[in-house]
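>>> okay, predicted coordinates and the sequence, questions at the end:
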Number of protein chains: 2
Amino acid sequence: MILGAIEAGGTKFVCAVGNEKGEIFERVSFPTTTPEETMKQVIDFFKGKEISSLGVGSFGPIDPNKHSSTYGYITTTPKPHWGNYNLLGELKKHFDIPMAFDTDVNGAALGELKWGAARGLNSSLYITVGTGIGAGAVVEGSMVNGLLHPEMGHIYVRRHSEDTYEGRCPIHRDCLEGLAAGPAIEARWGVKGHELPVDHKAWDLEAYYLAQALVNYILILSPEKIIMGGGVMKQKQLFPKIRKYVQELLNGYIAKEQLHSDIDSYILYPELGDNAGICGSLALALNALNS
Amino acid sequence: MILGAIEAGGTKFVCAVGNEKGEIFERVSFPTTTPEETMKQVIDFFKGKEISSLGVGSFGPIDPNKHSSTYGYITTTPKPHWGNYNLLGELKKHFDIPMAFDTDVNGAALGELKWGAARGLNSSLYITVGTGIGAGAVVEGSMVNGLLHPEMGHIYVRRHSEDTYEGRCPIHRDCLEGLAAGPAIEARWGVKGHELPVDHKAWDLEAYYLAQALVNYILILSPEKIIMGGGVMKQKQLFPKIRKYVQELLNGYIAKEQLHSDIDSYILYPELGDNAGICGSLALALNALNS
C-alpha cells in the first residue's frame, strides 16, 4: 500500500510517500511561495506515484469540518497569497482518491498515536514549540475539532513575577505563544534560544510557562500521553524542569502514576523525532483510506 | 423503550426512568449517606421498572476507563465511605442490562447534545458552577476521557489585580474553583451569592474568572456550544458579562460568528434546566444501549 503525505507549513511543504506502517519511502520539500508555484511542485511530485490516499496536515487556521462549504481551505491566515485558499480542492482536481485534511499538529498527535510514543493508546496530545506554539490532540481515537480546531498556543498563563517582558503575540500580547515561543525567548534575552547556555535561567522560565499550559491541557483533555516537539524542545534540559513544574502545579490532584513516578514517560519528546509532522500526515492518509 | 438514569451526587442521588426522547416519567432522590444505605434505595427504585439500560453520571473522581480493573468505581474522593467504591459493580449485581458510567458533567454535556442546547452538533461543553466547578465535554460525538476524565474546574486563571481573596481550593488554593465556586463568592464578600445585588461588583469579578476558563476551553477543545449550569449560573446577569470578557480576551482571534455576532446563542444556560444532570444520565443509558 502506498500512501501520500503533505505537511503544509508556512515556510515549506514537505511531501512524502510511505506505507501503513509509518515508513517513509521518499520525501521532498518545496518552499511555501504562492499557491500556484508551490502546489504545482506538490502535484508534480505525487503524479505517477500511484498513491491510494492522501493526508494533508496544514498550517492554519484551516477549515477541518467536512460538512462545511469551505472544508479543506486554509482560511484567515495572514500569510500573503494563502488566505481563503482551497488547498484540498486543488489536490482533488488532480487526484481522485480518498483524502484527509487536518491541522499539522492534530496530524502529529495522530501519528504519534499510531506509530510513536502514544502507540496503543486512545488519546494523545502533541505540542510544537518553535516559531509559534500549536497543539493538537486525539480523544477516543478522533482528532479534536469542533467550532474550529484547537488553538492551544494562545491560552493565557500566569506571568512569572520576575518576567518583565511584555509578550509578542500580535493578537493577545502575553498569551503562551507571546511569552514562550522561540521569538519571545530571543526578544527577552537578546540572543537566539540555542545560543543560551543550558543552565541559563531562561530555561526555567520557559519550563514554568510550558508547564502551566500542560496542566491546563491535562485538566481539560486528560490525554494519556503528552508529546512535545518543535525547535525549542530540542533543548532537552527543558523536560525535567517542565515535569517538575507540572507536578508542583497539580499538587498531587490527579492520582495517576503517569503524573507521579511515571512522569518521565508521560511528557516526552516525539518518538518520531523530526518526522512527527510528515508521519502525522501519513497517518491522516491511512485514516482517509479506512473511513 | 424505558431507560434508567442515576445522577450520583455528593449530596443526593437522583434516580429516574425515561425514554429515548429525553422524557422523564418518574424521578426520585435519596440523600448520599453510606453506599449500603443509598444504593439499597437506588436498587429498590429500579426493581420491576423493566429498564432496558442504565446510565450513571457520577461525582468524582471516578474511573471511566472500560479497560481498567476499577472501571465503574468512585476512586479517590475525600467523601467518607465512598472512596474506592465499586458503584457500577453493585448495580451489575442486581441488573443484567447494558450500563454506561461517566462523570455527571460529561453526561450533562451529552444530554444537552442529544436533547438540549447543543442538539444536532458533534461537540459541546457543559460546565457547572456551584459548590464546586466541574466541566465535561463531547468531542466528535464521544465523551472526553483519557488518562482520567476532565477536571476543568481546577485550571489556573489569572488573578484580577484588585482581588485580594486568597482562594479556597484545598489542593490548589487559587485555581478557578478556589476563586470562583459558590463558597469562594461567599467567603470573599461575606454573604451568599444569591444575597448580593445583581449589580454588585462581585458578578463582574466572577464573570472575569469564568470567561478566562471558557477561553481556555475554547482554545483547547473548540466546542460548538458552551452550556453553563449550576447554582451560581442562576445569576443570569453573569451571561452578558462572561460573553463580553470572552470576546475581549480572544480579541477576534477565532473567526467564527459564534464568537462574534452569535455569541448569545453560543454561551448559554442549559436548555434542559435543572434536568441537565439527570437527562445526561439518561443519554448515557441510551449510549449504553446503542454501543
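Happy to help now that I have it.
>>> how would you label residue A:219: helix, strand or coil?
helix (DSSP: H, G, I helix; E, B strand; the rest coil).
>>> so it sits right up against residue B:154, yeah?
Yes - taking contacts as CB atoms under 8 Å, residue A:219 lies within contact range of residue B:154: 5.5 Å. Every residue, glycine included, has its C-beta placed from N, CA and C.
>>> tell me the residues of the stretch 1-150 of chain A that contact chain B?
Neighbours of chain B within the stretch 1-150 of chain A, by CB under 8 Å from any CB of the partner chain: A:61, A:75-76, A:122-123, A:135, A:137, A:139-150.
>>> what about the helices in the stretch 51-200 of chain A?
With DSSP state H, counting those that start in this stretch, the ranges of helices along the stretch 51-200 of chain A come out as A:87-94, A:104-115, A:176-180, A:182-189.
>>> show me the strands in the stretch 51-200 of chain A, by range?
A:53-58, A:73-74, A:85-86, A:99-103, A:124-129, A:133-139, A:142-143 (DSSP state E, counting those that start in this stretch).
>>> quick one: residues in contact with the fifth one.
Defining contact as CB atoms under 8 Å, 6 or more residues apart in numbering or on different chains, one finds that strand A:124-129 is touched by A:104-106, A:108-110, A:112-113, A:117-118, A:133-138, A:152-153, A:180-182, A:210, A:213-214, A:217, A:221, A:223-233, A:270, A:276, A:280.
>>> export the strands of the stretch 51-200 of chain A to TSV and tack on mean pLDDT, mean neighbour count and distance to residue B:244?
TSV is the format used below for these (pLDDT from 0 to 100; neighbours: other CB atoms under 10 Å in any protein chain shown; distance: least, CB to CB, whole Å):
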stretch	mean pLDDT	mean neighbour count	distance to residue B:244
strand A:53-58	98	29	33
strand A:73-74	98	23	30
strand A:85-86	98	18	33
strand A:99-103	98	26	29
strand A:124-129	98	29	30
strand A:133-139	98	29	27
strand A:142-143	96	22	31
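>>> make CSV from those strands and add distance to residue B:250 to it.
Formatted as CSV, these follow (distance: least, CB to CB, whole Å):
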stretch, distance to residue B:250
strand A:53-58, 22
strand A:73-74, 20
strand A:85-86, 24
strand A:99-103, 18
strand A:124-129, 20
strand A:133-139, 16
strand A:142-143, 22
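>>> and residue A:257, how far from residue B:147?
10 Å (CB to CB, to the nearest Å).
>>> tell me which of those two has more neighbours.
Set residue A:257 next to residue B:147 and count neighbours by other CB atoms under 10 Å in any protein chain shown: residue B:147 wins out with 20 against 11.
>>> OK, contacts around that one?
Residue B:147 neighbours (CB under 8 Å, 6+ apart): A:123, A:218, A:222-224, A:254, A:256, A:258-259.
>>> list buried residues within the residues you listed.
A:123, A:218, A:222-224, A:254, A:256, A:258-259 (16 or more other CB atoms under 10 Å in any protein chain shown).
>>> among these, which one sits closest to residue A:167?
Closest approach to residue A:167 among the buried ones among the contacts of residue B:147 (CB to CB): residue A:218, at 23.6 Å.
>>> the closest one and residue A:249 touch, don't they?
No - the pair residue A:218 / residue A:249 is not scored as a contact, 9.5 Å apart, by CB under 8 Å.
>>> look up phi and psi at whichever residue of the stretch 151-291 of chain A sits closest to chain B.
Proximity of the stretch 151-291 of chain A to chain B (CB to the nearest CB) peaks at residue A:222, 3.9 Å away. Torsion angles at residue A:222 (phi, psi; degrees, to the nearest 10) stand at phi 50, psi 50.
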